[in-house]
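In: okay, predicted coordinates and the sequence, questions at the end:
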Amino acid sequence: MEGMMMQQALLISDILKYAAEAHGDSEIISARTEGDIHRQTYIETAARTAQLAHALEGLGVKLGDRVATLAWNGYRHFELYYGISGIGAICHTLNPRLSAEQLIYIVNHAEDKVFFTDTTFVPVLEAVKDHLPKDMTYVVMTDRAHMPDNTLNALCYEELLEGQPDSIDWPQFDENTASGLCYTSGTTGHPKGALYSHRSTVLHALYAALVLGNGYKPGDKILPVVPQFHVNAWGLPYSAPLMGTSLVMPGAALDGPSLFKLMDDEKVLSAWGVPTVWLGLSNEIKAQGRKPENFAEVVIGGSAAPRSMIEGFEKQGVDVIHAWGMTEMSPLGTHGKMPPWVKNQNFEEQINKKSLQGRRVFGVDLKITDEDGNKLPHDGEAAGELFVRGNAVISSYYNNAEASKTAFDAEGWFGTGDVASIDAQGFLNIQDRAKDLVKSGGEWISSIDLENTAMAHAAVANCAVIAIAHPKWDERPVLVAVAAGDEKPSLEEMHTHMSEHFAKWQLPDDILWVDELPMTATGKVSKLNLRKQFADYQLPDLRS
Ligand code: ADP
């Protein structure tokens, strides 16, 4: 017997409509490329988004068309999320940190029709425009007074909106209609597209609103440092309006002092981002001898949050929520919201638990398997490749049959490429990306574990462990580190520091000091480039 309930399509436009009606005076506060702080409520945002939708239709944008954005976090980018998807087109966010070659590949692969850009990236587009689709319409996201001279024949965002009706009956269509497109940053080869749907986006927003953060109230301010071009800022532009929270958008200035000031001025409660950005903020907190007023929570994901970073924030009274996910998962997979029994443990044990990647989100199933695909127990010991499935996980890559062929197992689960264990309480422990594990003498060494321990040394500002080929052991770990100051501890000193946590054979064979580590477009250490950088490096015991 079927239930007798109505069924309404889950559409992104309903999120903004809801926010304007139920949380109308919560705000989007943006540090603009124009240089000032701009504020508008959800009511105003809904009206401007309606204007944008009419303008897009005027430009000939239709259901299923791809519309590209190249922009920082800000209210206009937020309006584009809703305006583009609201009329059934696809909001394709592009990462400005990609190489010109990758940008050209992605735009042509996606066949974008209209291109919205911040003033900052006009020169980037001018440099590649001859390699992009010829009939592209460009729009610069600013007003007439700030329009840069350009060779893109670009339209002006504010002029486009002017005079358009500020209300709209959002079109209704199937909830499985595509809404957003985001390419992986290519740490694992050619960028691959994850094509989100209205249904997956709305469900993901609901899941995320339940677990990310320790309970927000309408009007609380959340600051996504994670860019809107990186998996939709982890879905926050969709979950924040549902929760009625205000968003503080940092624009282009993501350095420690700028973030500190914005968070302090706006009394930001919670900030979200990858570990790299928190290094800058942590230094500024140290320099000022205090945290930004009201700053109570930080959500860290995208790569493993170093234990020393978690400890540092917690000692300042900032609650760390460690999360794990992927572009292919919209991105949320697990979250570190702690149950009461952890909160009752001593500080050390709490930090231990927070260093894990947390427990699964409702709507995401996890399994770990051995090399033959057999399921492994969730006992905290057995480690294997992590597979996921759920309503906000991709079922295929966008127009990429080749990559899609190998991404799923026989039961249709998506292979994350991460190696992990899961304990009896459901806590996920990401040990490494499969390709970053160091295989020595038939045993695996986790590069994340070594990095975590090395980072706890006061002289190490940042580091990464890579595997170097060895004729006898197969591979050996080498630590590449950036010094915090003038002190550069010897390998012996590092061994002493690390030996409490590792067997002798697991310790790095060498330590190489560098001025900086290569980063990926999403702010993670690029082990691919690091391996290239040290391709000719010889291990100490192999030097003649
Ligand atoms: P890309 O695959 O292009 O680098 P993603 O942002 O989708 O972009 O990266 C997802 C990967 O990042 C995961 O598979 C995992 O290896 C890593 N990752 C994300 N969050 C964490 C975390 N909290 N701890 C460890 N690794 C993480």
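Out: Here it is on my side, so go on.
In: so the residue lying closest to residue 497 once chain neighbours are set aside: helix, strand or coil?
Out: Nearest non-adjacent residue to residue 497, counting by C-beta to C-beta, 6 or more residues apart in numbering: residue 457, 5.1 Å away. Just so you know, the C-beta spots here come from the backbone N, C-alpha and C atoms, and that holds for glycine as well. Look at residue 457: counting by DSSP: H, G, I helix; E, B strand; the rest coil, its state is coil.
In: how many neighbours does the residue in the stretch 401-544 of the chain that the ligand sits nearest to have?
Out: The ligand sits closest to residue 430 of the stretch 401-544 of the chain, with a gap of 4.1 Å, by C-beta to the nearest ligand atom. Counted with other C-beta atoms under 10 Å, the burial measure for residue 430 works out to 22 neighbours.
In: for stretch 108-122, measure first residue to last.
Out: The separation between the terminal residues of stretch 108-122, taken as C-alpha to C-alpha, to the nearest Å, is 18 Å.
In: now do stretch 23-43
Out: Terminal-residue distance, stretch 23-43 (C-alpha to C-alpha): 8 Å.
In: buried ones in stretch 140-159?
Out: 140, 141, 142, 146, 147, 150, 152, 154, 155, 156, 157, 158 (16 or more other C-beta atoms under 10 Å).
In: wait, stretch 8-28
Out: Across stretch 8-28, burial judged by 16+ other C-beta under 10 Å covers 10-17, 19-20, 23, 26-28.
In: show residues contacting it.
Out: Outside stretch 8-28, the residues within contact range by C-beta atoms under 8 Å, 6 or more residues apart in numbering are 39-43, 45-46, 49, 75, 78, 81-82, 85-86, 170, 172-175, 179, 198-199, 201-203, 205, 218-219, 238, 241-242, 244-247, 249.
In: helices - which of these land there?
Out: Taking DSSP state H, the ones among these that sit in helices are 42-43, 45-46, 49, 75, 78, 81-82, 85-86, 198-199, 201-203, 205, 238, 241-242.
In: can you tell me how far the closest residue to residue 325 other than its chain neighbours sits from residue 10?
Out: Closest residue to residue 325 in three dimensions, ignoring its sequence neighbours and counting by C-beta to C-beta, 6+ apart: residue 331, at 3.5 Å. Relative to residue 10, residue 331 is positioned 19 Å away (C-beta to C-beta, to the nearest Å).
In: between the buried residues of stretch 8-28, which is nearest residue 351?
Out: The nearest member of the buried residues of stretch 8-28 to residue 351, counting by C-beta to C-beta, is residue 26 at 33.3 Å.
In: for that closest one, which non-adjacent residue is closest in space?
Out: Of all residues apart from its sequence neighbours, residue 246 sits closest to residue 26 (C-beta to C-beta, 6+ apart), at 4.7 Å.
In: against residue 50, how distant is that neighbour?
Out: Remark: distance between residue 246 and residue 50 (C-beta to C-beta) = 21 Å.
In: same question, residue 177
Out: When distance is defined by C-beta to C-beta, residue 177 is 19 Å away from residue 50.
In: picking that back up, out of the ones in helices among the contacts of stretch 8-28, which touch the ligand?
Out: Applying C-beta under 6 Å from any ligand atom to these, one finds that nothing falls near the ligand.
In: output the contacting helices and strands for the host helix or strand of residue 104.
Out: Counting by DSSP states H and E, the secondary-structure element that holds residue 104 is helix 100-110. Counting contacts by 3 or more C-beta pairs under 8 Å, 6 or more residues apart in numbering; DSSP states H and E, the secondary-structure elements packed against helix 100-110 are strand 66-70, helix 122-128, strand 178-183, strand 193-197.
In: make a markdown table out of those and add distance to residue 496 and mean pLDDT.
Out: Compiled in a markdown table, these are given as follows (distance: least, C-beta to C-beta, whole Å; pLDDT from 0 to 100):
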| stretch | distance to residue 496 | mean pLDDT |
| --- | --- | --- |
| strand 66-70 | 48 | 98 |
| helix 122-128 | 47 | 97 |
| strand 178-183 | 44 | 98 |
| strand 193-197 | 44 | 98 |
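In: now the ones you listed as TSV including mean neighbour count?
Out: Listed next are the helices and strands packed on helix 100-110 as TSV, based on neighbours: other C-beta atoms under 10 Å:
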stretch	mean neighbour count
strand 66-70	25
helix 122-128	16
strand 178-183	24
strand 193-197	23
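In: returning to that earlier point: who's the residue of the stretch 401-544 of the chain closest to the ligand bridged to?
Out: For residue 430, the beta-bridge partners under DSSP bridges are residue 420.
In: right, and it touches residue 355 too?
Out: No: contact criterion C-beta atoms under 8 Å: residue 430 and residue 355 do not qualify, at 10.3 Å.
In: got any residues that touch both of these two?
Out: Overlap between the neighbourhoods of residue 430 and residue 355 consists of residue 304, taking contacts as C-beta under 8 Å, 6+ apart.
In: neighbours around residue 417, how many?
Out: If you count neighbours by other C-beta under 10 Å, residue 417 ends up with 17.
In: once you drop chain neighbours, what's closest to it?
Out: residue 434 (5.4 Å).
In: now the one you found. Its backbone dihedrals?
Out: Main-chain torsions, residue 434, degrees, to the nearest 10: phi -50, psi -40.
In: ok, it - contacts?
Out: 385, 417, 418, 419.
In: would you map the helices across the stretch 201-350 of the chain?
Out: Secondary structure of the stretch 201-350 of the chain (DSSP state H, counting those that start in this stretch): helices located at 231-234, 236-243, 256-266, 275-288, 307-315, 340-343, 347-355.
In: let me have those helices in a markdown table, adding mean neighbour count and mean pLDDT as columns.
Out: Converted to a markdown table, the helices of the stretch 201-350 of the chain look like this (neighbours: other C-beta atoms under 10 Å; pLDDT from 0 to 100):
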| stretch | mean neighbour count | mean pLDDT |
| --- | --- | --- |
| helix 231-234 | 27 | 97 |
| helix 236-243 | 25 | 97 |
| helix 256-266 | 19 | 98 |
| helix 275-288 | 19 | 93 |
| helix 307-315 | 19 | 96 |
| helix 340-343 | 10 | 93 |
| helix 347-355 | 16 | 97 |
